[in-house]
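# A predicted structure for the sequence below; I have some questions about it.
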Amino acid sequence: MTELEFQNYLREKGIILTEKQVKQFQRYYELLVEWNQKMNLTAITDKQDVYLKHFYDSLTIAFDFDFQNQSIIDVGAGAGFPSIPLKIVYPELSVTIVDSLNKRITFLNHLFKELELDYCQAIAARAEEYALDHKESVDLVMARAVARLNILDELCLPLVKQGGYFLSLKGRKAKEELVEAKRGIELLGGKIEKVIDFTLADHDDQRSNIIIKKVKETPKKYPRQFSKIKKQPL
């Protein structure tokens with residue numbers, strides 16, 4: 001996907017990028033490739049692939065969900081996906097990225113400064129540990145390509161306010177993962193509201209965006225230690 005195709009596909013979905021936003025995505029790509037030479041941020045570095053599989057893919061959730069001035073926690077965002085492309089398009093969002101690797105945090109803080117993004121912070125922490133002090137604190141929690149849904153639900157749903165949402169961006173195994181995670185999602189206070197299945201632009205990459213609403217309080221004993229979450233998912 002070229003830069004122009006990126007803009008045109010978004011325009012078809014009602015997202016019209018300003019000149020500033022176009023330049024922010026260009027700079028994002030430059031920094032991603034530059035820093036990727038020093039640390040492992042992504043296996044995808046070809047420009048057209050980055051625009052398709054990182055930038056555009058991150059924004060597909062906005063085709064079916066209304067982003068305004070919400071507070072977001074992005075769990076395990078790595079190089080900033082999906083929250084930073086969304087922040088560029090919706091600058092009024094307040095973004096917190098939680099990732100366990102300090103070197104990624106260093107990159108993200110540099111990225112915020114270079115792209116002139118305010119109301120952004122990157123925190124080095126494990127999601128389940130961060131959740132202990134930040135339960136039900138934000139409107140939205142997002143995760144993309146981090147873990148299977150029956151593990152992610154316990155890392156993410158405890159952070160979401162009642163009435164807020166957990167947004168999970170998934171690949172071709174989404175239906176299988178939903179079956180595994182259904183009981184845990186309900187136990188943690190979530191309700192599956194919508195599942196959007198699609199292919200990425202004109203490519204064969206299968207995707208599913210899962211929208212889960214937080215309808216009741218998460219029991220206080222969750223999240224558990226990660227070793228327990230992984231060994232015995234809900």
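Arrived safely.

# those strands in the protein, which residues are they?
Assigned by DSSP state E, the chain shows strands spanning 71-75, 94-99, 120-124, 138-144, 160-170, 190-199, 206-214.

# Measure how far the second one is from the centre of its chain, please.
So the one you mean is strand 94-99. Distance, stretch centre to chain centre, for strand 94-99: 9 Å (Cα atoms, centre = their mean, to the nearest Å).

# just the last one next, same as before
Strand 206-214 has its average C-alpha position 11 Å from the chain's average C-alpha position, going by Cα atoms, centre = their mean.

# Report the angle between that strand and strand 190-199.
Relative orientation of strand 206-214 and strand 190-199, computed by axes from the mean of the first three to the mean of the last three Cα atoms, to 10 degrees: 160 degrees.

# Would you format the strands of the chain as TSV with mean pLDDT included?
Shown next, in TSV, are the strands of the chain (pLDDT from 0 to 100):
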stretch	mean pLDDT
strand 71-75	96
strand 94-99	96
strand 120-124	95
strand 138-144	95
strand 160-170	97
strand 190-199	95
strand 206-214	95
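
# And those: which comes nearest Ile44?
Proximity to Ile44 (Cβ to Cβ) singles out strand 138-144 among the strands of the chain, at 13.0 Å. In short, each C-beta sits where N, CA and C put it, glycine included.

# And the pLDDT for the residue nearest to Ser100 when sequence neighbours are not counted?
With Cβ to Cβ, 6 or more residues apart in numbering as the measure, Arg126 is the residue that lies nearest to Ser100, at 5.2 Å, once sequence neighbours are left out. You'll see Arg126 listed with a pLDDT of 91.

# Phi first, then psi, for Arg126.
The phi/psi pair for Arg126 (degrees, to the nearest 10) reads phi -80, psi 140.

# biggest helix in this structure by residues?
Assignment by DSSP state H gives helix 19-36 as the longest helix of the chain.
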